[in-house]
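Enquirer: give me coordinates for this.
(chains A and B)
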Amino acid sequence: MDSREDEDQLLRSVALQNANSILLLRQRAEEQIFQAKEELERKTQELAHSLSMMRATLESTTDGILVVDDRGKATGFNQKFVEMWRMPREIMESGEDQKMLEVACAQLQDPSQFLARVREIYASSPAESHDLLEFADGRVFERFSKIQCINERNVGRVWSFRDITERKRAEQELREQSERFRVTLGSIGDAVITVDTHCRVTFINANAEALTGWSSAEAVGQPVGEVLRLVSERTREPAANPIERALAEGIVAGLSHYTNLIRRDGSEIPIEDSAAPIKNPGDEIIGAVMVFHDVSERRQKELALERSYEAEQQARGAAEQANQAKDLFLAALSHELRTPLTPVLAILSSLRQDAAIPAVLAEDLETVRRNVELEARLIDDLLDLTRITRGKLALHCERVPLRRMIEDAINTCPIDLAAKRLTLVRDFEQPERTILADSARITQIIWNLLKNSIKFTPAGGTITVRSRVFPAESRVTIEVQDTGIGIDADHLDRVFDAFEQGDRKITRQFGGLGLGLAISKAIAESHQGTLTAASAGHGCGSLFRLTLPLTAVPESEAFAGSKKGPSTPSAPVALSMGQRPIRILLVEDHADTAAILARLLRSIGHYVLRADTVTAALQVAEKEMGATGIDLVISDLGLPDGSGLDLMRELSTRYGLRGIALSGYGMDSDLEQSTAAGFSHHLVKPIDIALVRSTIQEMILSS
Amino acid sequence: MTIPTEPIGSIPRPLRLIEAVANGGPEDPKLAPLFEEAIRDTIQRFEETGSPVITDGEQRKYHNFLTYCVHGLPNMAPDGFKIPFAAGHTRRMPRLTAGPFRYKVYADSYLDIAMRYAHRPLKQAVISPSALSLLYPAEGIPGYSRDEFISDLLNEHETEVRRCLAKGAHKVQIDFTEGRLAIKIDPSGGLLNSFIDLNNLALARFSAEERQRIGVHTCPGGDLDSTHSADVDYAELLPSLFELRAGNFYIALAGEKDRVRVQKIIRDYMKPGQRIFIGVVTPIDPRIETPEEVRDAILEAARFIPIEQLGTTDDCGFSPFSDDTSTSRDTAFAKIRARVLGTALAAEMIGGG
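Expert: As a prediction, this is how the structure comes out:
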């Protein structure tokens, strides 16, 4: 092998060795390329995902998005952008910015300003931009842009457009509403102040300016407590500002009464107000409003009324006192008038039983009895009338047979009927009915009507008592019809007036005060009933009709008897079989009454111990209770050294004694006091000895 | 329409310069004015040819297109491989004696001077990594492996190309004359492929845009009117050549015996995006081609190469070795003028037709 061949071989050897190194290098490079490719693919996938996400984000946003490169050429956009700008698709896909600008300019109010702004932004490349675009058709877009940089190099800009037409419109409406609100608040008659959430004044209308003394310019921005200084009229302490409460608690709040506003000049005016929170559509409190007005005039009137009321109260108190005095006087008068009648009636009752009394004298005695009884009746009527006019007529309603009440009334009249030879006709409807009523009072009405008929019916006439039941109308009627003098048509509507008896001639002829019918009508009405009168005229007799509500009460619950009836004068009768004599302590300071009562009680078989004072009574009781004892106490209530009520309490407490009160005081309150003191019964003077006797017998039986 | 036309690079040095270098060496400071004047004159005459793209004629490259970057390095020994030429003479490469491998001169330094005089785009030629890979000795270098050398080589090449691009070179041409030589050395093609791989590893470091400004020149190697591998068939080289990732290919064609056959091979293996500059003048032939001949050669080539991918060039540098006086400067510029004019004629004909 020559040198040339050696040279070639050596070159070949070097080249091939190099080739091995190059191959290794290439393999490494390929490996690197492969890894780079994989990395690139991974990055590409990530990028694709990011791009997909970005695209989805772009398309899902409500804004129109446009991406341009650093020369303003469109490189990306979303569908919203195309729709908002009404951009032809082919222009968007061409990316020709000039054509896009032309389309945009054609829609805008001021295209030149728009273009100038675009040029300015591209020239100065601000990091961000923001402005508003107004369209010729009224739309308004909010435009943002942000520069896009890669490695600090400007590569383009992202524009976003938001259609704020509705928002702008809403803002305009809100401004108009606010203006209307301010005008309204400014023109209403009340003073108005609004505050923000920091309690600083934001608005004050003219009326509020006038009342507070603060001008709007001075007040706005001030703490409301400075402008509205409130103080209690009565305590002079600072009053809580309701506007602060409305803000804090979110409620409508008002001032307490009698709050004064201290004006800026220091003067005060009473105000009335209401404060309420102001809330936004999200129900958040954004302030509060207070409406108030000057109540000086009203407050002055109230003060005048208060003074007047106090005066009236004083007058009323005085009147009440006067009425009480009058009641006391009437009660005392009744007592004083009744008390003398008691022995007279007792004596007359006793004499009627005396066969030794000549007939002529008996007639005189009867005349005396009748007049005394009339006197007692007049006293009772006066007391009833007093009760009625003062609305203090108390009813003790119970279930009571209708016919029983009628018969009770009739039974009080046989002497009068006989005296005038009057015929009484009973016309009662069967079967017997029971009604809910104060039996004594209903009996009193019937008795009054009967007495009237007896009085005004000439001798030999006829009186008919009639009862009817009307179940369908749920009422009953009781009529008293006579053949008497009748009533003129002119007087029919006045017969129920107090002190009215038709005319003065009748009064002179028949006497009486004319109270009976007035009282009867009042009692009827207090039972939800009526009392009416009818007459065909003078000489044609009269008809009085009492109508009462019918209450359906089973007969088994029918009333067993009346507890109280009109005092019916009757003669004392000796103890009968089954009756036993008892020891009675009679306490009465009126000597005549005490004497005749003692005599009558002894005449019917009882043993009577007498005392005329509380002290004497207690002494007798002490003595007797230690000996043979006392069964019953009968005591007057008005005694020289004390009250019969106190005596009864003492005797009841010490010895367990029971008693009957005798009193000229017949008011309801008097009966209640007697019961409370321990009396079992309260009999009103003049005393009917028969009633005394039956009451004693009842107590004996109940013991 | 126009057809791009570019020179390969070297222009014979002025005789005074050749003599002065022979006497004092290329580093003698006193030679600087001569170099400067040679460059100025070359550029002036280049521009006078009408060539739209010019070079500095590689007046400053020493001693040749291959070893200019390592000449004078202390880790180089003169006893490297001999490159045999057909005329019987040889050129000897230096041998690397120690690592690391670094260039002494980067070609962009030539641009610094040329740009002072040029009024037209300047092109710069650099040596390929595959050619320089032959500097590493067969027996290896203790402490500096072949792999480390190849890695350093790629880095230095990349640095040189980037510096040229950064200074505004219109094109950077990688001289790859060893392609045909590789086949001559290794007919199996394995060596050629390794050269292609190595150069592609270097090209891979550039972006596609940058690669459009990078070209590869191949020729049978011209020196003293002779070649080192003209006997190697292009059919064995071109298929692999077009695998290089360069945007431009400068292919010697005018000196080929059967140009049509070569052009058919080019047509069959060229790829889209590649610009093929065919050689239309032959530096080793003292006869000056006429513009019409050039025109006709181009029209012939246009039958095989799409006109939008066609360009013209010289087959090779007119003086790859600095001491070559076989071709005069006048001849070189006359041939260049013929290329320029002929290319214009062809463009006119193709555009008008």
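Enquirer: who touches the residue nearest in space to the middle of chain B in this structure?
Expert: The geometric centre of chain B, computed from its C-alpha atoms, lies nearest to residue B:175 (Cα atoms, centre = their mean), at 3.9 Å. For residue B:175, the contact set (Cβ atoms under 8 Å, 6 or more residues apart in numbering or on different chains) comprises B:9, B:65, B:66, B:125, B:126, B:127, B:128, B:131, B:217. Bear in mind the C-beta positions are built from the backbone N, C-alpha and C, glycine included.
Enquirer: then the last one would be within a strand, right?
Expert: Looking back up the chat, that one is residue B:217. Yes - per DSSP: H, G, I helix; E, B strand; the rest coil, residue B:217 lies within a strand segment.
Enquirer: from what I can see it touches residue B:250, true?
Expert: Yes - the pair residue B:217 / residue B:250 is scored as a contact, 3.9 Å apart, by Cβ atoms under 8 Å.
Enquirer: of those two, who's got more company?
Expert: residue B:250 (33 against 28; other Cβ atoms under 10 Å in any protein chain shown).
Enquirer: what bridges to that one?
Expert: Residues in a beta bridge with residue B:250, per DSSP bridges, are residue B:217, residue B:277.
Enquirer: ok, then the element right after the helix or strand encompassing residue A:12?
Expert: Element membership for residue A:12, per DSSP states H and E: helix A:3-60. Remark: after helix A:3-60, the chain's next helix or strand is strand A:64-69, criterion DSSP H and E.
Enquirer: and that following strand, what does it pack onto?
Expert: strand A:74-77, helix A:79-85, strand A:153-163 (3 or more Cβ pairs under 8 Å, 6 or more residues apart in numbering or on different chains; DSSP states H and E).
Enquirer: give me the mean pLDDT for it.
Expert: The average pLDDT within strand A:64-69 is 87.
Enquirer: note down every partner strand of that strand and its orientation.
Expert: For strand A:64-69, pairing defined by DSSP bridges yields strand A:74-77 (antiparallel), strand A:153-163 (antiparallel).
Enquirer: and it with helix A:3-60, angle?
Expert: 160 degrees (axes from the mean of the first three to the mean of the last three Cα atoms, to 10 degrees).
Enquirer: quick one, what contacts the nearest residue to residue A:154 once chain neighbours are set aside?
Expert: Among residues not flanking residue A:154 along the chain, residue A:70 sits closest, at 5.2 Å (Cβ to Cβ, 6 or more residues apart in numbering or on different chains). If you count contacts by Cβ under 8 Å, 6+ apart, residue A:70 has them with A:154, A:155, A:156, A:157.
Enquirer: next one: residue A:451
Expert: A:413, A:416, A:516.
Enquirer: up against chain A, what does the stretch 201-350 of chain B have?
Expert: For the stretch 201-350 of chain B, the residues in contact with chain A (Cβ under 8 Å from any Cβ of the partner chain) are B:201, B:204.
Enquirer: count of residues packed around residue A:46?
Expert: Applying other Cβ under 10 Å, we find 10 residues neighbouring residue A:46.
Enquirer: what does residue A:281 give?
Expert: Residue A:281: 5 neighbours (other Cβ under 10 Å).
Enquirer: quick one: residue B:116 is in a helix?
Expert: No - per three-state DSSP, residue B:116 lies outside any helix segment and is coil.
Enquirer: what's the distance between it and residue B:21?
Expert: Computed as Cβ to Cβ, to the nearest Å, the residue B:116 to residue B:21 distance reads 21 Å.
Enquirer: more neighbours: which of the two?
Expert: With neighbours defined as other Cβ under 10 Å, residue B:116 and residue B:21 compare such that residue B:21 has more, 20 against 11.
Enquirer: thought that one was touching residue B:322?
Expert: Yes - the criterion here is Cβ under 8 Å, and residue B:21 meets it with residue B:322 at 6.9 Å.
Enquirer: for the residue of chain B found nearest chain A, pull up the helix or strand it's in.
Expert: In chain B, the residue found nearest to chain A is residue B:194; the distance is 3.3 Å by Cβ to the nearest Cβ. Element membership of residue B:194 [criterion: DSSP H and E] is helix B:190-203.
Enquirer: gap between that helix and the chain center?
Expert: 17 Å (Cα atoms, centre = their mean, to the nearest Å).
Enquirer: so which elements touch that helix?
Expert: helix A:3-60, helix B:129-132, helix B:146-166, helix B:178-185, helix B:234-241.
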